[in-house]
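K.L.:
coordinates for the following, if possible.
(one chain, ligands or ions: 1)
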Amino acid sequence: MATLTNASRVCLRGMTKQTALASVPVRALATSASLQDSAAPSAYGYQATFKGQSKGAQIPNFGNYMSDKAPATNKLFSYFMVGGLGAISAAGAKSTVEEFLKNMSASADVLAMAKVEVDLNAIPEGKNVIIKWRGKPVFIRHRTESEIAEANKVNIASLRDPENDADRVKKPEWLVMLGVCTHLGCVPIGEAGDYGGWFCPCHGSHYDISGRIRKGPAPLNLEIPEYEFPEDGKLVIG
Ligand code: FES
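P.N.:
Next comes the predicted model:
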């Protein structure tokens, strides 16, 4: 009896499996039928292929929002919009950069300070004048013939910062230099020191009549600023 019972159980299980397998094509057929049904026109452009879907799961039809014009016309409109917005953005960026540069550039009073004009007729031969330029002192020396000769007879090889006098002046009689000691930035005293030029009392640097360092701790000659003689008797520094 037990053997019969087991055999009947096995038969029943086998039947159940066969029934389940047989139901697959049935379900597939049902799905196909649903697809065919969904092809019927409705308020939505697309019907979900699954049964029992709620209205919210259905995808709306966007066809009403699509352009009915030719694709070339649509592209033209897109290009126009992109180009137009690009041009407006570029104009805005240009304006912003211009305003920024305008604000950052030097004001009129600062530009006025950038150059200094000096009347050389007011400086007699053999005299020094000190003017202020960009917050620094500038020495202007109206040199005599003997001072020019003395500056030229120096052996360049013996100098710490070798420089010809001719390379430091545009007109031999006018020596124009920054009045800032190249050691630590003190202002040297004119017509002083062992070489008849300038002497820095801070640590004892001696400069000659060409402003070249001759003795003391300063490493370099006095610096020559940008300058020019726009006309006779006039000097513009800067
Ligand atoms: S700052 Fe002129 S010698 Fe030191």
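K.L.:
C-alpha only now, for contacts and for neighbours.
P.N.:
Noted.
K.L.:
what does the residue nearest to the spatial centre of the chain show for phi and psi?
P.N.:
The centre of the chain sits closest to Val97, judged by Cα atoms, centre = their mean, with a distance of 11.6 Å. Note on Val97: backbone dihedrals following degrees, to the nearest 10 are phi -60, psi -40.
K.L.:
can you check Pro230 too?
P.N.:
Main-chain dihedrals, Pro230, degrees, to the nearest 10: phi -70, psi -30.
K.L.:
quick one: the residue nearest to the centre of the chain from the ligand, how far?
P.N.:
Distance, Val97 to the ligand, by Cα to the nearest ligand atom, to the nearest Å: 43 Å.
K.L.:
repeat for Gly84
P.N.:
In terms of Cα to the nearest ligand atom, Gly84 sits 63 Å off from the ligand.
K.L.:
would you mind listing what in this protein touches the ligand?
P.N.:
Proximity of the chain to the ligand (Cα under 6 Å from any ligand atom) is limited to residues 181, 183-186, 200, 202-205, 217-218.
K.L.:
among those residues, which are in strands?
P.N.:
200, 205 (DSSP state E).
K.L.:
remind me which residues of this structure are low pLDDT?
P.N.:
1-57, 112 (pLDDT under 70).
K.L.:
what's the local residue count around Leu235?
P.N.:
Per other Cα atoms under 10 Å, the neighbour tally for Leu235 reads 19.
K.L.:
for Arg168, same thing?
P.N.:
By other Cα under 10 Å, the residues close to Arg168 number 21.
K.L.:
repeat that for Lys127.
P.N.:
Lys127 has 13 nearby residues by other Cα under 10 Å.
K.L.:
distance of it from the ligand?
P.N.:
From Lys127 to the ligand the distance is 22 Å (Cα to the nearest ligand atom).
K.L.:
ranges for the helices of the protein?
P.N.:
Taking DSSP state H to define them, one finds helices in the chain at 2-38, 71-104, 108-114, 145-152.
K.L.:
buried residues, stretch 173-188. List them.
P.N.:
If you call a residue buried by 16 or more other Cα atoms under 10 Å, then stretch 173-188 has these buried ones: 173-183, 187-188.
K.L.:
contacts only, for the closest residue to Gly204 other than its chain neighbours.
P.N.:
Nearest non-adjacent residue to Gly204, counting by Cα to Cα, 6 or more residues apart in numbering: Gly216, 5.4 Å away. Each residue near Gly216 by Cα atoms under 8 Å, 6 or more residues apart in numbering is listed here: 203-206.
K.L.:
what's the local residue count around the nearest residue to Glu226 once chain neighbours are set aside?
P.N.:
Closest residue to Glu226 apart from its sequence neighbours, by Cα to Cα, 6+ apart: Gly238 at 5.1 Å. Here the count is done by other Cα under 10 Å, and Gly238 has 14 residues near it.
K.L.:
thinking Gly238 is in contact with Ala114, fair?
P.N.:
Yes. Contact criterion Cα atoms under 8 Å: Gly238 and Ala114 qualify, at 6.0 Å.
K.L.:
ok, back up a step: looking at the contacts of Gly216, which one is closest to Glu125?
P.N.:
For the contacts of Gly216, the minimum distance to Glu125 (Cα to Cα) is 22.1 Å, reached by His206.
K.L.:
picking that back up, determine which two of the buried residues of stretch 173-188 are furthest apart.
P.N.:
Top of the distance list for the buried residues of stretch 173-188 (Cα to Cα): Glu173 and His183, 26.5 Å.
K.L.:
outline the domain layout of the protein.
P.N.:
Domain assignment of the chain by the TED database yields the ranges 71-104, 116-237.
K.L.:
same list (those) but as TSV, adding distance to Tyr65.
P.N.:
TSV is the format used below for those (distance: least, Cα to Cα, whole Å):
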stretch	distance to Tyr65
domain 71-104	13
domain 116-237	69
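K.L.:
appreciated, that's everything.
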